[in-house]
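Enquirer: My questions are about this predicted structure, shown below with the sequence.
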Amino acid sequence: MTATDSSQLEPDTHHETGRPQDAHVDGQGAQSPPTARTESPQPTAALPPVSVGSDSSQADSDERPRATRVAEGAWLGGVCTGLARHLGWPVMAVRIAFVALATFQFIGVIAYGALWLLLPPEPTVKAPGLESASRAGMRAESKSKRRIDWGMLLALIALGIGLLWIMQNTGLGISSKLFWPVAFACAGAALVWRQADSTQQKRWRDEAGGKAWLAPFVARGGWPSLVRVIVGLGLVGAAFGIVLAQRGQISHLPEVMAMTMLALAGLAIVLAPWLHRSRSALNQARAEKVRADARADMAAHLHDSVLQTLAMIQRQADDPKAVQQLARRQERELRNWLYGDWLHEATLKAALTAAAAEVEDERGVPVELVTVGDCDTSDSIQALVRAAREAMVNAAKHSDADKIDVYAEVDEDSVEVFVRDRGKGFDVDAVAEDRMGVKGSIIDRMARHGGSATIRSAPDGGTEVRLEMKR
Amino acid sequence: MSETMSEPSSQTAAAQRGPYRVVIVDDHAMFRTGVKAEIGRSVAVVGEAADADRAIAVILQTRPDVVLLDVHLPGGGGVEVIRKVHEKNPEQKFLALSVSDAAEDVIGVIRAGARGYVTKSISGGELIDAIHRVAEGDAVFSPRLAGFVLDAFSGSIDLATVDEDLDRLSQREREVLRLIARGYAYKEVAKELFISIKTVETHVSSVLRKLQLSNRHQLTRWATDRRLV
């Protein structure tokens, strides 16, 4: 496992969660250069150490995620969702705050727009194997991940309009002369900006598996986007028109409009080829960079892991056990890299996965780990993991089984781990008293931390160790 | 581990009816060859295909007892194959095989209609047993699949529901799945719970049906919560 293993296909798609947060909501994150290359990457197979002494739930509260725009669960631009995640507030509170601010001199709208522009989009990370299978059309289209709660949205809009109405009627709001122009201008600008952002969302969504029903609306340059730009510009134009009308110069409106249109058209004609060329050049450069990064990652990974293993297999060709062990380890590592969940925190699942991998490597017996649910590690959970590891080692050492099954289940108040082999069992009553491994490192250790261990074994049926710990 | 999974009754039934006919669908020629060599003596491999379109044609033409289907396949994946074949022949039985452990793919192919899921590292003997089981109309749950299903039906998704009885597992079904996840073969599960193997098979089939029929939104949410979709 080396530094290149976990670097992603795109330079800015790295995990944020593990990093101490330092960005503020003022959009600093967008201006700072991408730091993916310099950040120490997390290897996918080499898991975080089990022996983190501190309570990790406390550490979590210190490390808030950076403020980003979150596509998942977003209604508009994902600003509220991202902000809520950053601040640790409920999303709905942030949304209501924005709506309330919007009715007060449009501050909410402007702040939202600014944050939309400045906050970096949340990076979406998928295992490279899954991404590549998606790209190649080898997986079924994933289901839509964004289900907007229309009821809530309507309620929020109604709240906004109501507040606005109260503000205007009590005279606290903007003077009605300015109100409609500003409202129109905001709506128009929002439409055009939304367009600019949609193309980017489309790009992420393609990577995230695609969403067929949204595609026509967000695809680059389709007619809906054209309509949206025209309507947006029309709204901005209407805002100007209203201002002019209010100044009593409505008679000049057609002339002013015509002049403006003419000037804009002239500008567009002059700039069009240049814009087109620079846009396609930019797209091309971006695509090329992504491809080059992907190739580099792949090459580095293959070199560091697979080639090394192949070399070692050649050298140990006369030892079938060693070859099998190497192949098994390489398989696990590659599978994890391609398809694995990201186990980036100190959780029970991560710790058990690491323990199973160690036993597999040291003893050369495959360990099949299945987990249901997960929880953070604490002192007692770590004791549980160590006891489970000891049980795996015992099974590998003494049972002669060709496979060890480990099953962990976490529910609300307890964690259970089963370690099972189908090898030769032993007489529990005769052995448990004098064999230190079982007594000291499994039964007593569990008892010391308030858990329990039961061992079931029969000479022909293998052994099963059941460990239970209160959370 | 083949002896622990094998079951005398299924072997003899197969012997009476002649070997089961199997089609292998996988885009890796090397894997197809390997599987054929491993299972070729116990079942009749009547067709092979490397992509979705070819697979659909071959399956509809040969009408095998069981299709060994790779989850990741050019042309839309295994899900696409199952959907298209089931339009024409809803009785066709599929056993999904994959190297990917991504829960969404595994659950996806089961929900599309596969009768079981095993990983490609399965031994030849176990694979033959799984084929027999599927051919006889039972479901094949590997420990990993049992774990995914327990995860899907526990905690995060069992709230609120339109078709309540479908979205929940019974206590017995949960016990059976838990034992399978712990690495027990059907025979061992039966012994542990003092029930017959047939009853174990009934429970597993009923879990499979629930998985295929249960509320789609909740499973989607489960997958989203796990950051998998």
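Expert: That came through, no problem. Numbering: from 1, shown residues only, chains lettered A, B, ... in the order given.

Enquirer: where in chain B is pLDDT low?
Expert: Flagging of chain B using pLDDT under 70 yields the residue ranges B:1-17, B:100-101, B:154-167, B:214-229.

Enquirer: so where do the strands sit in it?
Expert: Listed in chain order, the strands of chain B (DSSP state E) span B:21-25, B:44-49, B:66-70, B:93-98, B:116-119, B:140-141.

Enquirer: Can you tell me, leaving aside adjacent residues, what's nearest to the residue in chain B that chain A sits nearest to?
Expert: Here the residue of chain B nearest chain A is B:Gly183; by Cβ to the nearest Cβ that distance is 2.6 Å. Heads up, the C-betas are built off the backbone N, CA and C, glycines and all. In this structure, B:Gly183 finds its nearest non-sequential neighbour in A:Asp405, 2.6 Å apart by Cβ to Cβ, 6 or more residues apart in numbering or on different chains.

Enquirer: To which secondary structure element type does that neighbour belong?
Expert: Here A:Asp405 takes the strand state, with states given by DSSP: H, G, I helix; E, B strand; the rest coil.

Enquirer: count of neighbours near the nearest residue to B:Asp105 once chain neighbours are set aside?
Expert: Nearest-residue entry for B:Asp105: B:Val71, 5.1 Å, with adjacent residues in sequence omitted and distances by Cβ to Cβ, 6+ apart. Summarising burial for B:Val71: neighbours were counted as other Cβ atoms under 10 Å in any protein chain shown, giving 25.

Enquirer: try A:Ser457
Expert: Here the count is done by other Cβ under 10 Å, and A:Ser457 has 21 residues near it.

Enquirer: what pairs with the helix or strand hosting it, and is each one parallel or antiparallel?
Expert: Assessed by DSSP states H and E, A:Ser457 sits inside strand A:452-458. According to DSSP bridges, strand A:452-458 has the following sheet partners: strand A:462-470 (antiparallel).

Enquirer: Going by neighbour count, list what's buried in the strand it pairs with.
Expert: Of the residues in strand A:462-470, A:Gly462, A:Thr463, A:Glu464, A:Val465, A:Arg466, A:Leu467, A:Glu468, A:Met469 count as buried by neighbour count, 16 or more other Cβ atoms under 10 Å in any protein chain shown.

Enquirer: just stretch A:330-340 next, same as before
Expert: The neighbour-count criterion (16+ other Cβ under 10 Å) identifies A:Gln330, A:Arg332, A:Glu333, A:Leu334, A:Arg335, A:Asn336, A:Trp337, A:Leu338, A:Tyr339, A:Gly340 as the buried residues of stretch A:330-340.

Enquirer: between the residues you listed, which is nearest B:Thr62?
Expert: Taking Cβ to Cβ as the measure, A:Tyr339 is the one of the buried residues of stretch A:330-340 closest to B:Thr62, at 31.0 Å.

Enquirer: which stretches of chain B form helices?
Expert: The residue ranges that make up the helices of chain B, judged by DSSP state H, are B:2-5, B:8-17, B:29-39, B:52-62, B:77-88, B:103-112, B:124-135, B:143-153, B:164-167, B:171-181, B:186-193, B:197-213, B:216-225.

Enquirer: Would you mind finding the most buried of those helices?
Expert: Looking across the helices of chain B with neighbours counted as mean count of other Cβ atoms under 10 Å in any protein chain shown, the highest average goes to helix B:143-153: a mean of 24.

Enquirer: Could you tell me the end-to-end distance of stretch B:63-74?
Expert: 22 Å (Cα to Cα, to the nearest Å).

Enquirer: Tell me the spacing between the residue nearest to A:Val256 when sequence neighbours are not counted and A:Met257.
Expert: If you skip the residues right next to it in sequence, A:Val256 has A:Leu244 as its closest partner in space, 6.4 Å away by Cβ to Cβ, 6+ apart. The spacing between A:Leu244 and A:Met257, counted by Cβ to Cβ, to the nearest Å, is 9 Å.

Enquirer: So these two - more neighbours on which side?
Expert: Between A:Leu244 and A:Met257, counted using other Cβ under 10 Å, A:Leu244 has the larger neighbour count: 17 against 14.

Enquirer: Help me confirm that that one comes into contact with A:Pro254.
Expert: No. Here A:Leu244 lies out of contact with A:Pro254, judged by Cβ atoms under 8 Å, at a distance of 10.5 Å.

Enquirer: the strands in chain A, which residues?
Expert: Under the criterion DSSP E, chain A contains strands at A:367-372, A:404-410, A:414-421, A:452-458, A:462-470.

Enquirer: which regions of the stretch 301-450 of chain A sit below the pLDDT cut-off?
Expert: Low-confidence segments of the stretch 301-450 of chain A (pLDDT under 70): A:304, A:340-345, A:430-437.

Enquirer: Residue of it nearest chain B, please.
Expert: Nearest residue of the stretch 301-450 of chain A to chain B, counting by Cβ to the nearest Cβ: A:Asp405, 2.6 Å away.

Enquirer: correct me, but that residue touches B:Arg182?
Expert: Yes. Look at A:Asp405 against B:Arg182 with Cβ under 8 Å: they come within range, at 6.1 Å.

Enquirer: which residues do the two both contact?
Expert: Among the neighbours of A:Asp405, those also in contact with B:Arg182 (Cβ atoms under 8 Å, 6 or more residues apart in numbering or on different chains) are A:Val370, A:Phe418, A:Arg420, B:Pro143.

Enquirer: and which of these is nearest B:Asp65?
Expert: Closest to B:Asp65, out of all of those and judged by Cβ to Cβ, is B:Pro143, at 25.0 Å.

Enquirer: I figured that closest one hits B:Leu179, correct?
Expert: No. Look at B:Pro143 against B:Leu179 with Cβ under 8 Å: they stay out of range, at 9.6 Å.

Enquirer: re the thing from before, what touches both of A:Leu244 and A:Met257?
Expert: Overlap between the neighbourhoods of A:Leu244 and A:Met257 is empty, taking contacts as Cβ under 8 Å, 6+ apart.

Enquirer: State the pLDDT value of the residue nearest to A:Val256.
Expert: According to the model's per-residue confidence, A:Leu244 sits at a pLDDT of 73.

Enquirer: Can you tell me how far it is from A:Gly237?
Expert: 10 Å.
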